[in-house]
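Participant: got a predicted structure here, sequence first:
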Amino acid sequence: GSYKIAIIEGDGIGKEVMAQALRILRELEQLEPEISFQLEQLDWSSDYYLEHGRMMPENWRDILMPQDAILFGAIGDARVKDEVTIWELIMPIRKEFRQYINYRPVQSLPNIASPLEDKTGINFSIFRENAEGEYSNSGGRMFKGESSEMAIQNTIMTRKGIERITRAAGEYARKHGKCKVTSATKSNAIIHTNTLWDECVERVMREEFPELELESYYIDALAAYFVQRPKSFEVVLASNLFGDILSDLGSGIVGGLGLSPSGNINPEKDYPSMFEPVHGSAPDIAGLGIANPIAQIWSAALLLEHIGETEVAGKVINAIQAVLEENRVLTKDIGGQATTEEMGTAIIEKLNAQ
Ligand code: NAI
Ligand code: MG
C-alpha cells in the first residue's frame, strides 16, 4: 500500500537516528515495489520553540490527523525546560490522539552485554497505560519559596481507562500465544486508585480472558523480579508511572536504551499512533554521530506492523538481529566503534541479503 507518515525528528540524536530510519524506509520502497511512503517531515523541536514560542504550530492536529502514523525521534534541549518539551509536544499527541497503549517489547538480543548473568531467552512485552494515571496535570503548587511551600499532584484512574489497557494486554497475549499477564500494583499503600486498578484488571481478565493466567505483584517486588527472573514474564500490565519505570528497567536488563523501541498506540485507529525510541535526545553524545539508531529503526518496524505491513516489519527486525548476530558493526553504547551511519548501512545490507 501507500502510507502517509509524519516524521518528527526532534532534537539532539533524534535527528541523527531518524536519518537512518528514513534510509531504511526508502530502501524498503526499493525492495518492495508495492509499498510507498508519503513522508511529511515536520521540524517541531526545541529550535522551533525558540523561534515560534511553541513546540508545534496551532493547527498540529489538522496536520497529524490525516497521517497513517507518526514516527518520532526524541526531544530535549538544555535551552528549553523539559516540562515544556514534554508537555507541549509528546503529551498532547499521546493524550489527544487517545494513544492509550504504550507498548514496549523487551527481548534478549544476540551478543549484547547485559548486567544479568543469564541474559538469553528474555522475551516479554510491557503494556503501559499511556493516557491517564499518575501523569495528569491536575494539581498545583502553593506558597512558593516559603517554608510552608507545598505541592499536590493528583493521580486520575478511570474504570474505562484501566479496562481498555487491560483488554489491550489480554488481546495481545491471546494473539501471540502467551499464557500469562502480570499486573503491577501498589494497592497496599495507594489505596484509592490502585484498588480500583486491581479490581478492574481482575474483572476484565476473568470475564474476557478466562484462559489466561493473571498474576499481580506490588511494583517494588516486581522490580526485583525483573532482575531476578525476567524469563518468567510474558505480558506485563502497568499504570503510566509504573510502566514508565519498568520499561527502562526492562531496557536496562537486555542491553540499554539504544536498542529499545516503543509504540504509543490507539488500537481503534480513530487517530494516528506514534512510534518512538525509549531514549531521549542524549545531549552528552548529540552531534558526534555515534548514537545507536537501532531503537529508532525498530520503532519504525513497530510502525510498519501497526499499519498492517507485518511481513516487512519482520524483515527489518530480522536485519537488526542479523547485524547483532554478526557482531561486527557495533556502536559505542554496545561496545563498538561504528558510527550511526555505519550501523544504518549495515542494517540496509542485511535487508538486501534476505
Ligand atoms: P537519554 O535517553 O537522552 O540519555 C540517557 C543515556 O543513554 C545517555 O548517556 C545517552 O548518551 C545514552 N543514550 C540514549 N540513547 C542512546 C542511543 N540511541 N545510542 C547511544 N546512547 C544512547 O535520557 P536523559 O539523559 O535522561 O535525557 C536527555 C534529554 O532527553 C532530556 O531533555 C529529557 O527530557 C529528554 N527525553 C526525551 C524523551 C523523548 O523524547 N521521548 C525520553 C527521555 C528523555
Ligand atoms: Mg521513560
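Facilitator: Structure's in. What do you need? Model, not experiment: these values are computed from the prediction. Residues are numbered from 1 along each chain as shown. Ligands and ions are numbered 1, 2, ... in the order given.
Participant: residues from the protein in reach of ligand 1?
Facilitator: 13, 17, 74-76, 82, 90, 257-258, 276, 279-285, 291-292, 295, 333 (C-beta under 6 Å from any ligand atom). In this view, the C-beta of every residue, glycine as well, is placed from N, C-alpha and C.
Participant: try it again at 8 Å.
Facilitator: Proximity of the chain to ligand 1, by C-beta under 8 Å from any ligand atom, involves residues 10-14, 17, 72-78, 82, 85-86, 90, 256-258, 276-285, 290-296, 331-333.
Participant: please flag which of those sit within helices.
Facilitator: Counting by DSSP state H, the part of these found in helices is Ile13, Gly14, Val17, Asp82, Thr85, Ile294, Ala295, Gln296.
Participant: narrow these to just the buried residues.
Facilitator: Ile13, Gly14, Val17, Thr85, Ile294, Ala295, Gln296 (16 or more other C-beta atoms under 10 Å).
Participant: list the residues that contact the fifth one.
Facilitator: Taking C-beta atoms under 8 Å, 6 or more residues apart in numbering as the contact definition, Ile294 lies against Gly258, Leu259, Ile320, Thr331, Met343, Ile347.
Participant: ok so, going back, for the ones in helices among the residues of the chain next to ligand 1, which one is nearest Arg26?
Facilitator: Gln296 (14.5 Å; C-beta to C-beta).
Participant: find me the pLDDT at that closest one, would you?
Facilitator: Model confidence at Gln296, expressed as pLDDT, equals 98.
Participant: over to Ser114?
Facilitator: Per-residue pLDDT puts Ser114 at 83.
Participant: and the helices in the protein?
Facilitator: Assignment of helices within the chain using DSSP H yields the ranges 13-31, 46-52, 60-64, 82-85, 91-96, 159-175, 193-208, 219-228, 240-254, 294-306, 310-326, 340-352.
Participant: output these as TSV; include the columns distance to Leu39.
Facilitator: TSV is the format used below for these (distance: least, C-beta to C-beta, whole Å):
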stretch	distance to Leu39
helix 13-31	7
helix 46-52	18
helix 60-64	13
helix 82-85	23
helix 91-96	17
helix 159-175	28
helix 193-208	38
helix 219-228	37
helix 240-254	27
helix 294-306	11
helix 310-326	16
helix 340-352	16
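Participant: out of the ones you listed, flag the one nearest Tyr3.
Facilitator: helix 294-306 (8.7 Å).
Participant: compute the inter-axis angle for the closest one and helix 13-31.
Facilitator: Between helix 294-306 and helix 13-31, the angle comes out at 50 degrees (axes from the mean of the first three to the mean of the last three C-alpha atoms, to 10 degrees).
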